[in-house]
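Visitor: Coordinates for the following, if possible.
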Amino acid sequence: MTHIFVNIATNDLERAKSFYTSLGAGINPLFTDENAACIVWDDNVYFMVLSKEYFSTFTEKEFADPATHAQVLIALSRESREAVDQIVEAGLANGGTEPTEPKDYGFMYSRDLEDPDGNGIEFVFMEPQAAEQGPDAYAAAQAQA
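Guide: This next block holds a predicted model:
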């Protein structure tokens, strides 16, 4: 089994913990201290939110400030369009920002959310048939229906 751990930096660990738990994520206290918080999305997906100082101990590269630079775009799926809207609205109510308009491709719906540090997360819903068949086959089937 593969697990994914996404390391992201923060200026304020307590604020970041509050923000991510407001989205419905949990915190694993076994891997949380004054330097880092293990944000649990599900049994396989985790964010390690690290203080900038602690983050810098993992690399010799220059830190890219997420408020001004994009280094990675993280996308997490949700089970419905409504769930995408709910999680983004929770983020907006708890210090996040929405840098772009929602995107509706028919087979896929997404909204972008930035945490208070500027780290970007895209929440996405894809029609199950489109995920199974691919977007072109899904669109063709919808056109024939």
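
Visitor: only C-alpha atoms for contact and neighbour calcs from this point on.
Guide: Noted.

Visitor: Could you spell out which stretches of this protein belong to which domain?
Guide: Per automatic domain parsing, the structural domains of the chain span 1-58, 67-145.

Visitor: what's the longest helix along the chain packed up against?
Guide: If you go by DSSP state H, the chain has its longest helix at helix 81-93. Packing partners of helix 81-93 (3 or more C-alpha pairs under 8 Å, 6 or more residues apart in numbering; DSSP states H and E): helix 13-22, strand 108-114, strand 120-126.

Visitor: before we move on, the earlier item: make JSON lines out of the domains of the chain and add mean pLDDT and mean neighbour count.
Guide: Supplementary listing: the domains of the chain in JSON lines, determined by pLDDT from 0 to 100; neighbours: other C-alpha atoms under 10 Å:
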{"stretch": "domain 1-58", "mean pLDDT": "96", "mean neighbour count": "16"}
{"stretch": "domain 67-145", "mean pLDDT": "92", "mean neighbour count": "16"}
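
Visitor: For the spatially most central residue of the chain, list each beta-bridge partner.
Guide: Geometric centre of the chain, nearest residue: Ile121, 3.3 Å, by C-alpha atoms, centre = their mean. Residues in a beta bridge with Ile121, per DSSP bridges, are Ile74, Leu113.

Visitor: how near is it to Leu50?
Guide: 16 Å (C-alpha to C-alpha, to the nearest Å).

Visitor: what's the answer for Ser22, then?
Guide: For Ser22, the distance to Leu50 - C-alpha to C-alpha - is 18 Å.

Visitor: before we move on, what about Thr21?
Guide: From Thr21 to Leu50 the distance is 15 Å (C-alpha to C-alpha).

Visitor: Next: Val6.
Guide: Distance, Val6 to Leu50, by C-alpha to C-alpha: 10 Å.

Visitor: related to what we said a few turns ago, can you put the helices and strands packed on helix 81-93 in CSV and add distance to Ala70?
Guide: Below are the helices and strands packed on helix 81-93 laid out as CSV (distance: least, C-alpha to C-alpha, whole Å):
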stretch, distance to Ala70
helix 13-22, 18
strand 108-114, 11
strand 120-126, 8
